[in-house]
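[1] Sequence first, then the predicted structure:
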Amino acid sequence: MANKQHNHNDSNKELQPLLVLGPPFMFPTFEAQNLHNYRFLNAFSSQIPLHQFLAEQSVDPSSIQAILCSPRQKISADAIRLLPSLSLIVTTSNGTRHIDLAECSYRGIQVASIPGDRLAVDVADMTVGLLIDVMWNISAADRHLRKRGPSKPCNLSSGSKLEGKRVGIVGLGKIGREVAKRLEAFGCRIMYNSRNQKPFVSYPFYSNVVELAGNSDVLVLSCSLNEQTRHIVKREVMLALGKEGVIVNIGRGDLIDEKELVRCLMEGEIKGAGLDVFENEPNVPKELFPLDNVVLSPHAASLTSHRIYDVCERVAECLEAFFSSKLPEYPGLG
Ligand SMILES: O=CC(=O)O
């Protein structure tokens, strides 16, 4: 796909600063397309606190009107309070829960997200990929082979087929339904938990996640994050899932009590996990790195090249509309 150059800046004008927080995967593409439009302040690549970063860059915090972020970093009220002129936060994601929305609403800051028309399909593919990887130790075997060569014994446990597995899906929205469709084709038995029972599906419904876990071999987390779903998977749920159980989380890191997840994985209370999201992104608990029963992905489940292209286009349009003070017609604005 050809990269489109956006150039809406009169070359004599000073470039608007654009604060980039949270490493967006599409960032190199976006920056290359918009070098002439913004002064990019890439705070995500710096390990220092935001106020220090701005001071080091000699940036007056009150000159910043817009932030570009991704779900890979939380945008806290403290960060927002540092920027008195902030009026717009654009996130490259569909979800906005990584942003302190209460502070934005208090300050009248607009939050724009990028709706994902085909997102569910991409995320569902990745969910199945993570699950098969965990069940078959694909990434672990790959690491062993590269590190030790083909003649050294590899003591990974044997693969486990998907056919006949009972899969409990937490959140049967668009993504959950796409996951169900795919896993049905593998011969899995689908059951689910969600806020309400869905009249249009015949999969068994569990109103209680512990009970769902107790009847599942695999738990897929595809619900959105809110006050009711934060830490919906706690130790009790993992113990109910059991020692042969696998968790795949492509929702949000905060859906699981991550400390307990790490403990359960290390102590063998569950068999394995495929994780695309983490509680404290972009950080990943370091205890997970040596574990062969865990497959890690850096919040990349929706990032097909098509999506990256689409996001770059829409982010550019949104920022352009904002800085040219056109009435925002962008669907995510509001
Ligand atoms: O996590 C990805 C998204 O919300 O788009």
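    Great, that's in hand. In this text, all values refer to a predicted model and were calculated from it rather than measured experimentally.

[2] give me the number of residues near the nearest residue to residue 228 once chain neighbours are set aside?
    Spatial nearest neighbour of residue 228, chain neighbours left out: residue 195 (7.5 Å); criterion: C-beta to C-beta, 6 or more residues apart in numbering. Quick note: C-beta positions are derived from backbone N, CA and C, even for glycine. When neighbours are counted by other C-beta atoms under 10 Å, residue 195 registers 14.

[3] Does residue 195 belong to a helix, a strand or coil?
    coil (DSSP: H, G, I helix; E, B strand; the rest coil).

[4] what stretches of the stretch 201-334 of the chain score poorly on pLDDT?
    Applying pLDDT under 70 to the stretch 201-334 of the chain picks out residues 326-334.

[5] Which residue does it have closest to the ligand?
    Nearest residue of the stretch 201-334 of the chain to the ligand (C-beta to the nearest ligand atom) works out as residue 302 at 5.1 Å.

[6] Identify the residues contacting that residue.
    Counting by C-beta atoms under 8 Å, 6 or more residues apart in numbering, residue 302 makes contact with 93, 94, 116, 119, 122, 123, 126.

[7] Find the helix or strand that the third one is a member of.
    According to DSSP states H and E, residue 116 maps onto no helix or strand at all.

[8] Which residues of the protein lie near the ligand?
    By the rule C-beta under 6 Å from any ligand atom, the part of the chain lying against the ligand is 71, 93, 94, 95, 116, 302.

[9] at 8 Å what do you get?
    71, 91-95, 113-114, 116, 119, 123, 252, 277, 299, 301-302 (C-beta under 8 Å from any ligand atom).

[10] if you look at those residues, which of them are in helices?
    Applying DSSP state H to these, the entries found in helices are 119, 123.

[11] From the residues of the chain next to the ligand, pick the one nearest residue 33.
    Residue 33 has its nearest neighbour among the residues of the chain next to the ligand in residue 92, at 13.6 Å by C-beta to C-beta.

[12] so that closest one touches residue 20, yeah?
    No: using C-beta atoms under 8 Å, residue 92 is not in contact with residue 20, being 10.1 Å away.

[13] Now do residue 217 against residue 133, distance only.
    From residue 217 across to residue 133, the span is 16 Å (C-beta to C-beta, to the nearest Å).

[14] isn't there a helix covering residue 158?
    No: per three-state DSSP, residue 158 lies outside any helix segment and is coil.

[15] burial count for it?
    Residue 158, neighbours per other C-beta under 10 Å, totals 6.

[16] what does residue 200 give?
    6.

[17] cool, and residue 73?
    22.

[18] Enumerate every residue touching the closest residue to it other than its chain neighbours.
    The spatially closest residue to residue 73, leaving aside those adjacent along the chain, is residue 22, at 3.0 Å (C-beta to C-beta, 6+ apart). Applying C-beta under 8 Å, 6+ apart to residue 22 gives the contacts 44, 69, 70, 71, 72, 73, 75, 98, 281, 282.

[19] Quick check: residue 22 vs residue 310, distance?
    Taking C-beta to C-beta, one finds residue 22 at 19 Å from residue 310.

[20] So which residue is dead centre in the protein?
    In the chain, the centroid-proximal residue (C-alpha atoms, centre = their mean) is residue 299; its distance is 4.0 Å.

[21] Surely that one and residue 277 touch.
    Yes: applying C-beta under 8 Å, one finds residue 299 in contact with residue 277, separated by 5.5 Å.

[22] Give me the common contacts of those two.
    residue 71.

[23] Could I get the full set of strands for the stretch 151-300 of the chain?
    Taking DSSP state E, counting those that start in this stretch, the strands of the stretch 151-300 of the chain run over residues 166-170, 189-193, 218-221, 246-249, 272-275, 294-296.

[24] Can I get the ones you listed in JSON lines including distance to residue 260 and mean neighbour count?
    Formatted as JSON lines, the strands of the stretch 151-300 of the chain follow (distance: least, C-beta to C-beta, whole Å; neighbours: other C-beta atoms under 10 Å):
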{"stretch": "strand 166-170", "distance to residue 260": "16", "mean neighbour count": "24"}
{"stretch": "strand 189-193", "distance to residue 260": "18", "mean neighbour count": "22"}
{"stretch": "strand 218-221", "distance to residue 260": "14", "mean neighbour count": "28"}
{"stretch": "strand 246-249", "distance to residue 260": "11", "mean neighbour count": "27"}
{"stretch": "strand 272-275", "distance to residue 260": "12", "mean neighbour count": "26"}
{"stretch": "strand 294-296", "distance to residue 260": "14", "mean neighbour count": "22"}
